[in-house]
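Have a look at this fold, sequence not included:
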């Protein structure tokens with residue numbers, strides 16, 4: 001590329017150089033610490049179990065996990081790992097790991113990180129639940145920024161649309177929190193559990209300020 005650049009006329013070089021002032025690639029920086037990245041990478045590479053204390057919704061839990069790697073998304077680091085207690089691969093946000101202990105116990109990896117990433121995006125839900133959400137103009141704008149929702153958005157007009165998809169039952173807590181924060185920009189029609197969850201969160205807010 002440098003040879004190609006050197007062969008260009010001076011006026012073309014000036015135009016290319018000028019693009020630096022109008023084009024850039026910017027990723028939001030977060031200040032949330034993730035102190036255990038090195039240990040996770042080492043454990044994944046050596047196929048060693050980790051004992052972690054993890055911040056869950058209601059309490060901190062201690063788990064033995066077999067990490068298959070780490071990846072970054074939306075400014076956070078994530079660790080997919082086989083959870084010994086639950087017998088399946090679960091996803092952990094590394095900044096929610098309070099403490100970590102490296103063990104000498106080895107494990108046989110079920111899959112490599114690229115395989116898990118490809119599989120997780122194409123995986124059919126084990127407990128499928130129909131998701132149907134009506135969107136306002138603002139709802140369309142907000143949901144288009146979410147890779148997990150964007151393919152399922154149907155725009156009826158510039159001011160309204162809907163989402164029709166299938167999610168896993170285990171994702172309801174996360175999905176409830178996401179749509180709750182969008183307020184009146186969305187209206188969840190199905191599933192009923194999601195509607196009830198949003199109503200309960202709204203009642204908790206009212207109790208907080210009553």
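Sure, I can see it. Just so it is clear, the structure is predicted and the values come from calculations on it, not from any experiment.

Provide the backbone phi and psi angles at residue 176.
phi -60, psi -50 (degrees, to the nearest 10).

nearest spatial neighbour of it, skipping sequence neighbours?
Spatial nearest neighbour of residue 176, excluding adjacent residues (Cβ to Cβ, 6 or more residues apart in numbering): residue 197 at 3.8 Å. (Glycine included, C-beta is placed from N, CA and C.)

Is that neighbour in a helix, a strand, or coil?
For residue 197, the secondary structure call by DSSP: H, G, I helix; E, B strand; the rest coil comes out as helix.

what's the distance between the residue nearest the centre of the chain and residue 146?
In the chain, the centroid-proximal residue (Cα atoms, centre = their mean) is residue 73; its distance is 6.4 Å. Separation of residue 73 from residue 146 (Cβ to Cβ, to the nearest Å): 12 Å.

same check, this time on residue 67
26 Å.

How is the chain divided into domains?
Domain assignment for the chain by automatic domain parsing gives 1-123, 125-208.

Helices of the protein, residue ranges please.
Applying DSSP state H to the chain gives helices spanning 2-6, 10-18, 37-46, 113-122, 137-143, 172-181, 192-208.

if I pick residue 116, what's in contact with it?
Taking Cβ atoms under 8 Å, 6 or more residues apart in numbering, we find residue 116 in contact with 68, 69, 80, 89.

quick one: low-confidence parts of the protein?
By pLDDT under 70, the weakly predicted segments of the chain are 1-5, 20-31, 120-125.

go again using 90 as the cut-off
1-35, 56-59, 71-77, 84-91, 104, 108-128, 145-151, 167-174, 210 (pLDDT under 90).

Wait, residue 93 touches residue 77, no?
Yes - between residue 93 and residue 77 a contact is recorded at 7.3 Å, counting by Cβ atoms under 8 Å.

Who has more neighbours out of those two?
Higher neighbour count among residue 93 and residue 77: residue 77, with 19 against 15, using other Cβ atoms under 10 Å.

correct me, but that one touches residue 96?
No - Residue 77 is beyond contact range of residue 96, at 10.3 Å (criterion: Cβ under 8 Å).

Between the two, which contacts overlap?
Common neighbours of residue 77 and residue 96, using Cβ under 8 Å, 6+ apart, do not exist here.

Any buried residues in stretch 108-118, and which?
113, 116 (16 or more other Cβ atoms under 10 Å).
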